[in-house]
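Q: Okay, here's the prediction I keep looking at, along with the sequence it came from:
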Amino acid sequence: MALDISHAPAGLTQAVTRYFDALYFCDTDLLQRVFHPAASLFDADDGRIFADPISCYHDTILRRSPPAALNAPREDEILFVDLLSDAAATVKVRVRIHNNRFSDHLMFAHDGSEWRIVAKLWHLDEVAADA
């Protein structure tokens, strides 16, 4: 069921906030907390599907200069929440990392204590002109 963001479970919106913070501050501890250890990330470009395990993304974040350290503009927002059940949800977000703006579809599952991302499908929407 698609929800107005204000009606999404608090724990789910907190998990999305952790995701945004992990990206903006390049905080791998937050990244590990919000992603399930078996999570995978996907991108589809030029008719090909790319898939990476969370460990590869962790390494990418470790190598990245934190946008926060560069005083880069912070742009992140929840666009859509779809609750599949009490323990499964899809959240569409938009986020800026340096000069890149992405749309992400985050698949969340509740493990009994917190919401964790089990899969991420992302797309590079644009490169910001003010970069």
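A: Everything's here; your move. Keep in mind it's a predicted model, so treat the numbers as computed, not measured.

Q: ok, which stretches of the chain are helices?
A: For the chain, the helices defined by DSSP state H cover 10-25, 28-34, 54-63.

Q: So which of the ones you listed is nearest residue 98?
A: When the helices of the chain are ranked by distance to residue 98, counting by C-beta to C-beta, first place goes to helix 10-25 at 10.3 Å. Backbone N, C-alpha and C define where each C-beta goes, glycine included.

Q: Identify each buried residue in the closest one, please.
A: Buried residues in helix 10-25, defined by neighbour count with 16 or more other C-beta atoms under 10 Å: 12-13, 15-16, 18-25.

Q: and it with helix 54-63, angle?
A: Between helix 10-25 and helix 54-63, the angle formed by their directions is 50 degrees, by axes from the mean of the first three to the mean of the last three C-alpha atoms, to 10 degrees.

Q: Begin at 248 from now on, thanks
A: From this message on, residue numbering opens at 248, which makes the last subject helix 257-272.

Q: Find the centremost residue of this structure, please.
A: Among the residues of the chain, the one closest to the centroid is residue 266, at 5.2 Å (C-alpha atoms, centre = their mean).

Q: Now residue 356: closest residue in space, sequence neighbours ignored.
A: With sequence-adjacent residues excluded and distances taken as C-beta to C-beta, 6 or more residues apart in numbering, residue 356 is closest to residue 365, at 4.9 Å.

Q: Okay, that neighbour and residue 373: tell me how far apart.
A: Here the criterion is C-beta to C-beta, to the nearest Å. By it, residue 365 lies 27 Å from residue 373.

Q: which one of the two has more residues nearby?
A: Relative neighbour count places residue 365 above the other of residue 365 and residue 373, with 18 against 11, counting by other C-beta atoms under 10 Å.

Q: now the strands: where do they sit in the chain?
A: Per DSSP state E, the chain has strands spanning 249-250, 282-292, 295-300, 323-332, 335-344, 347-357, 362-374. These are given in chain order.

Q: Between those, which one is closest to residue 317.
A: strand 335-344 (11.0 Å).
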